[in-house]
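**Student:** Have a look at this fold, sequence not included:
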C-alpha cells in the first residue's frame, strides 16, 4: 500500500472518543480529516439518532464533508466487517470489548478479517487473568496477518515526553525516581462511566492508566510484586471519602463499597532499579485536571507540568547547565499528540511499518496488568 493511498475507515461508536464533544480534547474524526486520504464507509452505533446527528454534521462541512459521502450507519459490527474497511477505530466503552466472550471480542474479529485496528484505552474491564490470553490471541492474529494494531496512549507521542526521553538518554545513568500525580475533577460534566468501576474498570484502570503507561515508557517495566497501594473510599468509616457534589446523583444506585476510590496512593520498584509513586484523586471541582510527572536521575530533575494543556512545560534542572540551581523550561504550544498518534497509525498502515507505533496491543496489555496490580494491592 502506497503512502498516498486512500484508506477506507470505519468507526465503532459515534460518541465523544470518535467524534468529539465540547470541552474535550480528543476527537479522532477531526484529526483524521486534517490528515486526509480517507473514505469513511461506516459508523456502528446502536443509538441511531446520535449517529445520524454526527454524520449530518460531518457531511455539512464544506471542507471535509466529502470524506463521508459513502458512509452508512450500521447497528452491528459484523456489517462493518462485511464492508471490508482498511482500518477500524474502536471507541466504545471498555465494558463492551476486550474479552473472548462472543460479541465482545471485537479486536479479534476485525483482526481475523484482515482489518487494521486502533482501539482506545483501557483495553478491557475484566481481570488480567482473563484478559492476557485474549491479548495474546489479538497480538498473534495481527502478527500472522501482518496487521497494524495501535492503542490510544497518546502521551507516548507527546513532544514533552519525547523531549524528556531525549534528555534522559543524553544525560546517561539510570532513573532513580518517578513521581506521578493525576488529580481529576468530578463536579462538572463527568461521564457516568467514571463513577462506576463495573463500567470503566475504576479510576486507575480508566484514568491514571495514562501515567501508569508513561511510567513504563519512560523508565522500564514494573516489578509487580513490589506494588503497594492505599485507597480512600466512600465506605471509609471515617467519612473522609464522601463526595458531596456528584452531578446528576450518578452514584445513588451504586452501593458505597462499589463506588470508585476517591484517592489512591501507590508505590513500587521498577525492574530497572528505580522507585515509582502514583497519587490519584477524583475530588477537584469543575472539569480541569491537574497532572504532573517528576523524574530524577543523579544530577538531573525533569518535571512535566500539565501535559493535557497547551501551556505544558517541561522544567529541567541539570548539573550540566551553567547554573545547576536554575531551571530551564521547554514549551510545546503547537503540539497535538492526538494528531501525531493517528498520523503514525495511518502512516504505519500505508507503509507497512509497525515500528511507527509506540503503543502496541501487547505492550498496552502490560500497562493493563500494572493498573490492576495498583487497584488490587491495598
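**Tutor:** That came through fine. Since the model is a prediction, treat every value here as computed from it, not as a measurement.

**Student:** Going by C-alpha atoms from here, please, whenever you check contacts or count neighbours.
**Tutor:** Noted.

**Student:** tell me the SS of the residue lying closest to residue 376 once chain neighbours are set aside?
**Tutor:** Excluding its sequence neighbours, the residue lying closest to residue 376 (C-alpha to C-alpha, 6 or more residues apart in numbering) is residue 229, at 7.9 Å. With DSSP: H, G, I helix; E, B strand; the rest coil as the basis, residue 229 sits in strand.

**Student:** Can you give me the neighbour number for residue 229?
**Tutor:** Residues near residue 229, counting by other C-alpha atoms under 10 Å, number 18.

**Student:** what number of residues lie near residue 333?
**Tutor:** Neighbours of residue 333 (other C-alpha under 10 Å): 12.

**Student:** Go ahead and confirm it touches residue 308.
**Tutor:** No - contact between residue 333 and residue 308 fails when scored by C-alpha atoms under 8 Å: they sit 11.5 Å apart.

**Student:** Please name the residues that touch the residue nearest to residue 376.
**Tutor:** Going by C-alpha atoms under 8 Å, 6 or more residues apart in numbering, residue 229 touches 264, 265, 266, 267, 374, 375, 376, 377, 378.

**Student:** Let's see that with 6 Å instead.
**Tutor:** 265, 266, 377, 378 (C-alpha atoms under 6 Å, 6 or more residues apart in numbering).

**Student:** most neighbours, which of these?
**Tutor:** residue 266 (20 neighbours).

**Student:** host element of residue 140?
**Tutor:** Element membership for residue 140, per DSSP states H and E: helix 128-144.

**Student:** Which parts of that helix count as buried, going by neighbours?
**Tutor:** 128, 131, 132, 134, 135, 137, 138, 139, 141, 142 (16 or more other C-alpha atoms under 10 Å).

**Student:** So what touches that helix?
**Tutor:** 100, 108, 111, 369.

**Student:** Among these, which pair sits farthest apart?
**Tutor:** 111 and 369 (22.4 Å; C-alpha to C-alpha).

**Student:** if you count what's nearby, which of those two comes out ahead?
**Tutor:** residue 111 (27 against 18).

**Student:** Need the nearest residue in space to the more buried one, chain neighbours excluded.
**Tutor:** residue 142 (6.0 Å).

**Student:** again, but for residue 282
**Tutor:** The shortest distance from residue 282 to any non-neighbouring residue, by C-alpha to C-alpha, 6+ apart, is to residue 184 (4.5 Å).

**Student:** separation between that neighbour and residue 326?
**Tutor:** In this view, residue 184 and residue 326 are 30 Å apart by C-alpha to C-alpha, to the nearest Å.

**Student:** what about these two, which has more around it?
**Tutor:** Between residue 184 and residue 326, counted using other C-alpha under 10 Å, residue 184 has the larger neighbour count: 22 against 13.

**Student:** can you pull the buried residues of stretch 86-105?
**Tutor:** So for stretch 86-105, counting by 16+ other C-alpha under 10 Å, buried means 86-95, 97-100, 104-105.

**Student:** now residue 331, which residues is it bridged with?
**Tutor:** residue 313 (DSSP bridges).

**Student:** So it versus residue 293, what's the distance?
**Tutor:** 15 Å.

**Student:** Counting neighbours, go ahead and name the busier of those two.
**Tutor:** More crowded of residue 331 and residue 293, by other C-alpha under 10 Å: residue 293, with 22 against 16.

**Student:** these two touch, right, that one and residue 307?
**Tutor:** No - using C-alpha atoms under 6 Å, residue 293 makes no contact with residue 307, being 8.9 Å away.

**Student:** domain ranges for the chain?
**Tutor:** What the record gives for the chain is the domain set 7-152+340-355, 155-335+367-376, from automatic domain parsing.

**Student:** and these as a markdown table, adding mean pLDDT?
**Tutor:** Formatted as a markdown table, these follow (pLDDT from 0 to 100):
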| stretch | mean pLDDT |
| --- | --- |
| domain 7-152+340-355 | 96 |
| domain 155-335+367-376 | 94 |
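
**Student:** Can I get these in TSV including distance to residue 361?
**Tutor:** As requested, those are exported to TSV (distance: least, C-alpha to C-alpha, whole Å):
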stretch	distance to residue 361
domain 7-152+340-355	6
domain 155-335+367-376	10
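
**Student:** Backbone torsions only: list them for the nearest residue to residue 344 once chain neighbours are set aside.
**Tutor:** In space, and not counting its chain neighbours, residue 344 is closest to residue 356: 5.8 Å by C-alpha to C-alpha, 6+ apart. Per-residue torsions, residue 356: phi -70, psi -20 (degrees, to the nearest 10).

**Student:** Residue 356 - how many residues pack around it?
**Tutor:** By other C-alpha under 10 Å, neighbour count at residue 356 equals 19.

**Student:** got it, and the one 5 residues further on?
**Tutor:** Burial of residue 361 is recorded as 25 neighbouring residues (other C-alpha under 10 Å).

**Student:** In terms of pLDDT, where does it sit?
**Tutor:** We have a pLDDT of 98 for residue 361.

**Student:** And for residue 5?
**Tutor:** At residue 5, pLDDT is 88.

**Student:** what's the spacing between it and residue 83?
**Tutor:** Where residue 83 is concerned, residue 5 sits at a distance of 18 Å (C-alpha to C-alpha).

**Student:** What of residue 165?
**Tutor:** From residue 165 to residue 83 the distance is 41 Å (C-alpha to C-alpha).

**Student:** the more surrounded of the two?
**Tutor:** Applying other C-alpha under 10 Å to residue 165 and residue 83 shows that residue 165 carries more neighbours, namely 15 against 12.

**Student:** what helix or strand is that one on?
**Tutor:** Applying DSSP H and E, one finds residue 165 within helix 159-171.
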